[in-house]
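Chemist: build me a model:
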Amino acid sequence: MYVLTKPARLSVDRVSVHTGLHPDMVRRFAALGLIECAVDDSGRLWFPPGTVARIARIQRLRGGLSLNYNAVGLVLDLLDRIRVLEAQVRGSEPS
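Modeler: The predicted structure is shown next:
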């Protein structure tokens, strides 16, 4: 069976498999606010599909720049702001 669409959300176990992180580390990233998640009525965590790419970015920042997780969070916030600003500039440029 082949999956033709991306799932709307990923479980902790699925994120763990795709990133190579232990499920407890995935939960820790969520607790630190490094990745977004939603909690269902039974208390299970669910992650958006972009979580795997975000964790890859976290791992590159942590490994490549030797940043602690607080600094990684700050850098991620700044990169997100830059992306938004760049999109705004592109949208305001004349065609």
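Chemist: low-confidence regions, this structure specifically.
Modeler: 1-7, 92-95 (pLDDT under 70).
Chemist: in it, which spans are strands?
Modeler: Secondary structure of the chain (DSSP state E): strands located at 10-11, 38-39, 45-47.
Chemist: need the winner for burial among the ones you listed.
Modeler: Per-stretch averages of neighbours, counted by mean count of other Cβ atoms under 10 Å, single out strand 45-47 among the strands of the chain, with a mean of 20. Just so you know, the C-beta spots here come from the backbone N, C-alpha and C atoms, and that holds for glycine as well.
Chemist: got the strands of the chain as a markdown table, with distance to residue 31 columns?
Modeler: A markdown table is the format used below for those (distance: least, Cβ to Cβ, whole Å):
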| stretch | distance to residue 31 |
| --- | --- |
| strand 10-11 | 16 |
| strand 38-39 | 12 |
| strand 45-47 | 10 |
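Chemist: with respect to residue 63, which of those strands lies nearest?
Modeler: For these, the distance to residue 63 is smallest for strand 45-47, at 21.3 Å, taking Cβ to Cβ.
Chemist: quick one: the closest one to chain centroid distance?
Modeler: 11 Å (Cα atoms, centre = their mean, to the nearest Å).
Chemist: ditto for stretch 55-68
Modeler: Counting by Cα atoms, centre = their mean, stretch 55-68 comes out at 12 Å from the chain centroid.
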